[in-house]
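Novice: what follows is a protein structure lacking sequence information:
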């Protein structure tokens, strides 16, 4: 039998009457979802509203009786007050009622892989940019203040005086005045540029770097901090750098690592449940430490650190990794980063996390080390893919001043296309897993049509089928390419599309095949119109080096692709450290070429200080730099101290 419970008050009259009409229209086919019932819980006082709640209660009981009479037994877990066990029925239930857009100021500054500080001036400048972009239709709902806003000795209650001399009041007021909902970043239970306050001392681990959640005073103090900021107007909380292995020295002596981990998880999840019950309109987002192996796309699957799906009871979204190059070599460095985010979203989906709950964190513009000084290179494709992946928490990071007024109009158009599909349709994945170097895509469908976003990560021209996303969907015929990279022109034939090597394209079907949805061409990603593998045999040439010799082709440029593996045969990433002092990858993974004893120029765009590491090198020799028919010697090498294995391939490409 269905069991329904209500708080004594209701949110608003119009909401409840609307909900009652909804039930009446659906009965006897279904009961209200837990999300609908939860929306009725509130903290508002007033006799008139309690009367309305009684009306809603009668409606609910009537629906329950009708459903029971028809032999339908439904168990509803309402997450009512008091302890409740986790139910798989809650899997994928979305807390946010609709897709949202978040601005996050990280990558406009960077205090981890660069030396650019977060300051009040910088934060307020970006708020002004939000206001400017909104004039052109760009949507932002939240402003997330990311890491290092806090004073080192303030226990997350005070702001850093050197960069925020007047505290957050001006920022909070400006957010409120402009309809932006503020959010704050927290290092959760690890000490990242913050000292332990007295209340945390009896929770510290032996290294004094992190606090236990289930011992001492830290957890209660931390929840009190969250409540303090909630009462100041903060409604989004970002939890980063969590460490569930932290325990006091006493606990480490008597408890296993598994027991410590489990107790920490249970304590923190229960605390967040209670915090959410008390403050039902919060948005809670999880970042590093909540499961998944995000350091490389070459890691085996399933994850070594599995995702505990019970986190979906308390978090609105789980992030799937900071933008970084994938382990798929691409001539365009930024395209390899697209593939990383696509791959991690697919892996989280394979771990049974609903697409709506995955924050791909795949869109950053900025001029800091964390984003490899990207500025706005290939930003249009990154925005398209972030929205195409189907997440309901869409985060835009970085320097918004880099987005011009003209760019803003395009930005708003992309938002309006994909947000309609996210909110009223459904999104599915298809094709290969990105790291497996097979064409793949994300398809979104609603009652009016479908939009397919497809990427070919291979070093060849490849065709992929765009499958139906619903049995009610019309056959995929007479589509239209709405967006593509420059160069190769995709060939659309019914439900199939042929793409060039490394190419991204968007296809609209039915209503979305209308020219009004055209998004144009991404000119700063150029795809070859022809590509052909060349027979060149690489042989060892000293430690961690290989070389090959071939004749310069009659037509086309030479593309050199090198991949690095460890002695175990697995993909191996190298890193020379983060900016500004890190060694760039062109000095670690090196490509060299000669003809007639003279060096040939090789165009590369991976020569960056990459904090996350890189496992490949790709470069091209222009046809005009070579003498046709004469021998060209190519050498690929790695400066790794350990022995590595290098794989080399050469292609003739024409643009």
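Specialist: Arrived safely. Since we're looking at a predicted model, the values are computed, not measured.
Novice: dihedrals phi and psi, residue 173?
Specialist: Backbone torsions of residue 173, given as degrees, to the nearest 10, read phi -70, psi -40.
Novice: neighbours of it, how many?
Specialist: 11 (other CB atoms under 10 Å). C-beta: built from backbone N, CA, C; applies to glycine.
Novice: what of residue 250?
Specialist: 12.
Novice: who are the neighbours in contact with it?
Specialist: Counting by CB atoms under 8 Å, 6 or more residues apart in numbering, residue 250 makes contact with residue 215.
Novice: what does residue 118 give?
Specialist: 105, 109, 111, 145-149, 163.
Novice: rerun at 10 Å
Specialist: Residue 118 is in contact with 105-106, 108-111, 145-149, 160, 163-164, 185, counting by CB atoms under 10 Å, 6 or more residues apart in numbering.
Novice: wait, a strand at it?
Specialist: No. Under DSSP: H, G, I helix; E, B strand; the rest coil, residue 118 sits outside any strand and is assigned coil.
Novice: and it, what's its pLDDT?
Specialist: Looking at residue 118, its pLDDT is 98.
Novice: also residue 41?
Specialist: Reported pLDDT for residue 41: 34.
Novice: what do you get for residue 75?
Specialist: 27.
Novice: with residue 644 instead?
Specialist: With respect to pLDDT, residue 644 has a value of 97.
Novice: count of neighbours near it?
Specialist: 20.
Novice: tell me the contacts of it?
Specialist: With CB under 10 Å, 6+ apart, residue 644 has these contacts: 543-545, 564-567, 572, 574, 589, 615, 637-638.
Novice: mind listing what's buried in stretch 628-648?
Specialist: Within stretch 628-648, the residues scored as buried using 16 or more other CB atoms under 10 Å are 632-638, 640, 644-646, 648.
Novice: ugh, wrong one, stretch 442-456
Specialist: 442-446, 449-456.
Novice: quick check: end-to-end length of that stretch?
Specialist: Using CA to CA, to the nearest Å, one end of stretch 442-456 lies 12 Å from the other.
Novice: can we start the residue count at 110 from this point?
Specialist: Happy to do that; since the first residue is 110 now, the last one works out to stretch 551-565.
Novice: for that stretch, give the mean pLDDT please.
Specialist: 97.
Novice: list the buried ones in stretch 586-600?
Specialist: Residues of stretch 586-600 classed as buried: 588, 590-594, 596-599 (neighbour count, 16+ other CB under 10 Å).
Novice: format these as TSV; extra columns: distance to residue 643.
Specialist: TSV is the format used below for the buried residues of stretch 586-600 (distance: CB to CB, whole Å):
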residue	distance to residue 643
588	35
590	30
591	35
592	32
593	27
594	24
596	20
597	19
598	24
599	25
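Novice: and residue 388, what does it touch?
Specialist: Neighbours of residue 388 in contact, by CB under 10 Å, 6+ apart: 152, 335-336, 339-340, 343-344, 346.
Novice: among the buried residues of stretch 551-565, which pair sits farthest apart?
Specialist: Largest separation among these by CB to CB: 555 and 565, giving 25.6 Å.
Novice: can you pull the contacts of the closest residue to residue 264 other than its chain neighbours?
Specialist: Spatially, and ignoring its direct neighbours in sequence, residue 264 is nearest to residue 306 (3.7 Å; CB to CB, 6 or more residues apart in numbering). Residues near residue 306 by CB under 10 Å, 6+ apart: 262-266, 326-327, 330, 334.
Novice: all strands for the stretch 460-609 of the chain, in order.
Specialist: Here the stretch 460-609 of the chain has its strands, by DSSP state E, counting those that start in this stretch, at 467-468, 473-474, 502-507, 535-540, 549-555, 558-564, 571-574, 589-596, 600-602, 605-608.
Novice: related to what we said a few turns ago, need the max-distance pair from the buried residues of stretch 737-757.
Specialist: Every pair of the buried residues of stretch 737-757 checked by CB to CB; the farthest is 741 and 749, at 25.6 Å.
Novice: any regions of the stretch 110-259 of the chain where pLDDT drops low?
Specialist: 110-203 (pLDDT under 70).
Novice: how about a cut-off of 90?
Specialist: 110-207 (pLDDT under 90).
Novice: related to what we said a few turns ago, which pair in the contacts of residue 388 spans the largest distance?
Specialist: Most distant of these, by CB to CB, are 152 and 346, 18.9 Å apart.
Novice: for the stretch 160-309 of the chain, what spans make up the strands?
Specialist: Using DSSP E, counting those that start in this stretch, strands in the stretch 160-309 of the chain cover 209-213, 251-254, 290-295.
Novice: identify whichever of those strands lies nearest to residue 709.
Specialist: strand 209-213 (42.9 Å).
Novice: which elements pack onto the closest one?
Specialist: For strand 209-213, the elements it packs on are helix 229-243, strand 251-254, strand 290-295, strand 345-348, strand 392-395, strand 502-507, helix 514-533, judged by 3 or more CB pairs under 10 Å, 6 or more residues apart in numbering; DSSP states H and E.
Novice: for residue 716, find the nearest of the ones you listed.
Specialist: strand 502-507 (21.7 Å).
Novice: return the most buried member of the helices and strands packed on strand 209-213.
Specialist: Neighbour counts (mean count of other CB atoms under 10 Å) averaged over each of the helices and strands packed on strand 209-213 peak at strand 502-507, with a mean of 25.
Novice: hey, which helix or strand in the chain has the poorest pLDDT?
Specialist: helix 122-135 (a mean of 31; mean pLDDT, DSSP states H and E).
Novice: could I get the buried residues of stretch 737-757 as JSON lines with secondary structure and distance to residue 315?
Specialist: Below are the buried residues of stretch 737-757 laid out as JSON lines (DSSP: H, G, I helix; E, B strand; the rest coil; distance: CB to CB, whole Å):
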{"residue": "741", "secondary structure": "strand", "distance to residue 315": "58"}
{"residue": "742", "secondary structure": "strand", "distance to residue 315": "56"}
{"residue": "743", "secondary structure": "strand", "distance to residue 315": "52"}
{"residue": "744", "secondary structure": "strand", "distance to residue 315": "49"}
{"residue": "745", "secondary structure": "strand", "distance to residue 315": "45"}
{"residue": "746", "secondary structure": "strand", "distance to residue 315": "43"}
{"residue": "747", "secondary structure": "strand", "distance to residue 315": "38"}
{"residue": "749", "secondary structure": "coil", "distance to residue 315": "34"}
{"residue": "753", "secondary structure": "coil", "distance to residue 315": "36"}
{"residue": "754", "secondary structure": "strand", "distance to residue 315": "40"}
{"residue": "755", "secondary structure": "strand", "distance to residue 315": "42"}
{"residue": "757", "secondary structure": "strand", "distance to residue 315": "47"}
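Novice: ends of stretch 424-431, what's the gap?
Specialist: 18 Å.
Novice: just the buried positions in it, please.
Specialist: 424-431.
Novice: mind listing the helices for the stretch 160-309 of the chain?
Specialist: Here the stretch 160-309 of the chain has its helices, by DSSP state H, counting those that start in this stretch, at 229-243, 278-286.
Novice: out of these, which comes closest to residue 482?
Specialist: Once those are compared by CB to CB, helix 229-243 is nearest, at 16.8 Å.
Novice: by how many degrees do that closest one and strand 209-213 diverge?
Specialist: 150 degrees (axes from the mean of the first three to the mean of the last three CA atoms, to 10 degrees).
Novice: hang on, residue 351 packs against residue 396?
Specialist: Yes. Between residue 351 and residue 396 there is a contact at 8.2 Å, judged by CB atoms under 10 Å.
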